[in-house]
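Colleague: please find the sequence and the predicted model below.
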Amino acid sequence: MSSRDDSDQTYREFTEAVNMKPGELSTWLETEESKQVGWRKGGGESVGHQSGRKIIDLLRRKRDQLTEADYKHMRKVVGYVRRHMAQRPSGDVRATRWRYSLMNWGHDPVKAKLPPPGGPSRKALERHRTPPRARRTRPA
């Protein structure tokens, strides 16, 4: 896989994992719930909260302005979101620390399910309401 293919895949997975808009994420990061969750390296701001601020910056930049360090952070975000989505607690998650932590990383699990790795993109699913293969097959 070329470097370009890797960055294309990273960008696609990042934009699928981060389902909050920059303004929405910025507003969320100002809440007490946002500030109270996450692991604090050295006792200050949580790692997820710092990541949220970086995600806002990434979402507001044009793709050709992204650096290798930006793509590295994007891969970190995708990994975090996928790992924590796999640990979803049972029941209503709307007012849980689990959800709040994910939201610091730009993903609101109440909004929409995360597509599986390598699957159809969230945008395609929203646009057509069904996965591409299901649309192409004709009933017998």
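Modeller: Okay, I see it.

Colleague: please enumerate the helices of the protein.
Modeller: 3-17, 22-29, 32-36, 47-60, 68-85, 97-104, 122-128, 132-136 (DSSP state H).

Colleague: most tightly packed of those?
Modeller: Highest mean neighbour count among the helices of the chain (mean count of other CB atoms under 10 Å): helix 97-104, with a mean of 21. Just so you know, the C-beta spots here come from the backbone N, C-alpha and C atoms, and that holds for glycine as well.

Colleague: which elements pack onto it?
Modeller: Helix 97-104 sits against helix 22-29, helix 32-36, helix 47-60, helix 68-85, with contacts defined as 3 or more CB pairs under 8 Å, 6 or more residues apart in numbering; DSSP states H and E.

Colleague: of all those helices, which one is nearest residue 97?
Modeller: Residue 97 sits nearest to helix 32-36 of all these, at 8.0 Å, using CB to CB.

Colleague: what's the average pLDDT for that closest one?
Modeller: The pLDDT scores in helix 32-36 average 92.

Colleague: now do it: everything it contacts.
Modeller: 28, 29, 46, 49, 52, 97, 100, 103, 104 (CB atoms under 8 Å, 6 or more residues apart in numbering).

Colleague: low-confidence ranges, this protein, go.
Modeller: 1-5, 112-140 (pLDDT under 70).

Colleague: which residues sit in contact with the closest residue in space to residue 87 that isn't next to it in sequence?
Modeller: Leaving out its chain neighbours, the residue that sits closest to residue 87 by CB to CB, 6 or more residues apart in numbering is residue 98, at 7.3 Å. With contacts defined as CB under 8 Å, 6+ apart, the neighbours of residue 98 are 84, 87, 88, 89.

Colleague: about what we covered before: make JSON lines from the helices and strands packed on helix 97-104 and add distance to residue 11 to it.
Modeller: Shown next, in JSON lines, are the helices and strands packed on helix 97-104 (distance: least, CB to CB, whole Å):
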{"stretch": "helix 22-29", "distance to residue 11": "16"}
{"stretch": "helix 32-36", "distance to residue 11": "25"}
{"stretch": "helix 47-60", "distance to residue 11": "10"}
{"stretch": "helix 68-85", "distance to residue 11": "7"}
